[in-house]
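[1] A structural model of the following input is requested.
(one chain, ligands or ions: 1)
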Amino acid sequence: MTPKDFFIGLSQNKLLNDLAKKYGLQLGAKSVVAGTNLEELMASVKELNAQGISTTIDNLGEFVSDKKEAIEAKEQIIQVIEAIHENNANAHISVKATQLGLDIDYHFCLENVKEIVEKASKYNIFINFDMEDYSHLQPSFDLIDELSKDYDNIGTVIQAYFFESGENIEKYKDYRLRIVKGAYKEPENLAYQDKKEIDRNFIELIEYHLLHGKFTSIATHDHHIINHVKRFVDEHHISKDKFEFQMLYGFRKDLQLQLAKEGYQFCTYVPFGSDWYGYFMRRLAERPQNINLVAKQVFNK
Ligand code: FDA
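    Presented below is the predicted three-dimensional model:
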């Protein structure tokens, strides 16, 4: 078993997930999760905004199987939208369809996300649909197709490890898109497994959307990719208002600030809330060196 398989396995363990909710931010999660309540969240957002960095807020939670929990998640997200508006924060929202009931019933989920998108559209706040594992890919695109009949404040994510990502980026090129490598464990018949192949496809998708798409969010901590994008936009005279770089809260903070200082639009993905466990374990799966974050926090108490 690889370290990646090990941490992805842990990320899906329900018992550990429940325990994590009960005992609050532990295991080093504090450095990569911006608190468990709205006050802590808004303090982090304001601090980033003051440094010229915008934010996308994720009210943590996923794979919800209980209607009550999904409705609670929707209400919390609506509170975050209100808080963004009241604080005049430079922020938008990232949501996961499984947090809002996609595994319970498609139409139940659609009603939940509609309420969120409707509320956000009144305040001109953008809603990004994060993409989860392959089994939720098509239903998530279906939600987006349905919502875009009435709203234009929505966008989504293209995961470069999927073979079908090229077709999807063509189909959704007129949306604001976040392009990522992909965080879940996917089988060989659906997704590239080799890092070089994923990176190659990632670059192809980014270049395609920069040239043909609407606004592009390039979400990566990989400086090789970032440097490639910087050269590419220069060579093709792509204006800085057509794209942004994104990274996760707490990772490569110096590089985040440096890119913002260089005049690139920069957006930090800010997760918050008590349901931090699955998110945190996926970060360890991506990069076992992230275990350093754990060690630092355990020993620097
Ligand atoms: P990767 O982990 O491949 O690392 C490449 C290289 O970058 C490393 O070898 C190292 O040199 C350098 N590096 C990376 N991290 C570093 C660090 N912390 N310190 C120093 N050097 C480092 N996934 C998904 O499936 N659905 C989604 O909706 C999203 N959303 C999302 C939003 C945002 C803002 C981000 C940044 C990422 C996502 N992801 C995601 C996760 C994404 O798919 C991917 O799993 C991670 O970003 C890890 O891949 P990277 O491109 O960051 O570099």
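
[2] what residues does the stretch 1-150 of the chain put near the ligand?
    Proximity of the stretch 1-150 of the chain to the ligand (Cβ under 6 Å from any ligand atom) is limited to residues 130, 131. For the C-beta atoms, the positions are set from N, CA and C on the backbone; glycine is no exception.

[3] can you pull out the strands in the stretch 1-150 of the chain?
    For the stretch 1-150 of the chain, the strands defined by DSSP state E, counting those that start in this stretch cover 54-59, 91-95, 127-129.

[4] do the same with the stretch 201-301 of the chain
    Going by DSSP E, counting those that start in this stretch, the stretch 201-301 of the chain shows strands at 216-219, 243-248, 266-272.

[5] between those, which gets nearest to residue 2?
    Proximity to residue 2 (Cβ to Cβ) singles out strand 243-248 among the strands of the stretch 201-301 of the chain, at 21.5 Å.

[6] and the closest residue to residue 246 other than its chain neighbours, how far from the ligand?
    Sequence neighbours aside, residue 219 is the residue nearest to residue 246 in space, at 4.0 Å (criterion: Cβ to Cβ, 6 or more residues apart in numbering). Residue 219 sits 4 Å away from the ligand, going by Cβ to the nearest ligand atom, to the nearest Å.

[7] only the C-alpha atoms, please, for the lengthiest helix in the chain, written as CSV.
    When the chain is parsed with DSSP state H, its longest helix is helix 67-86. What follows is helix 67-86 as a C-alpha-only set of coordinates in CSV (Å, rounded to 0.1, in the frame of the first residue of the first chain):
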residue,chain,number,x,y,z
LYS,A,67,-31.0,15.1,5.0
LYS,A,68,-30.8,17.1,8.2
GLU,A,69,-27.0,17.4,7.9
ALA,A,70,-27.3,18.5,4.3
ILE,A,71,-29.8,21.2,5.2
GLU,A,72,-27.6,22.4,8.1
ALA,A,73,-24.7,22.6,5.7
LYS,A,74,-26.8,24.7,3.3
GLU,A,75,-27.8,27.0,6.1
GLN,A,76,-24.2,27.5,7.2
ILE,A,77,-23.1,28.3,3.7
ILE,A,78,-25.9,30.9,3.4
GLN,A,79,-24.6,32.4,6.7
VAL,A,80,-21.1,32.6,5.1
ILE,A,81,-22.6,34.4,2.1
GLU,A,82,-24.2,36.9,4.5
ALA,A,83,-20.9,37.4,6.3
ILE,A,84,-19.0,38.0,3.1
HIS,A,85,-21.6,40.6,2.1
GLU,A,86,-21.7,42.3,5.5
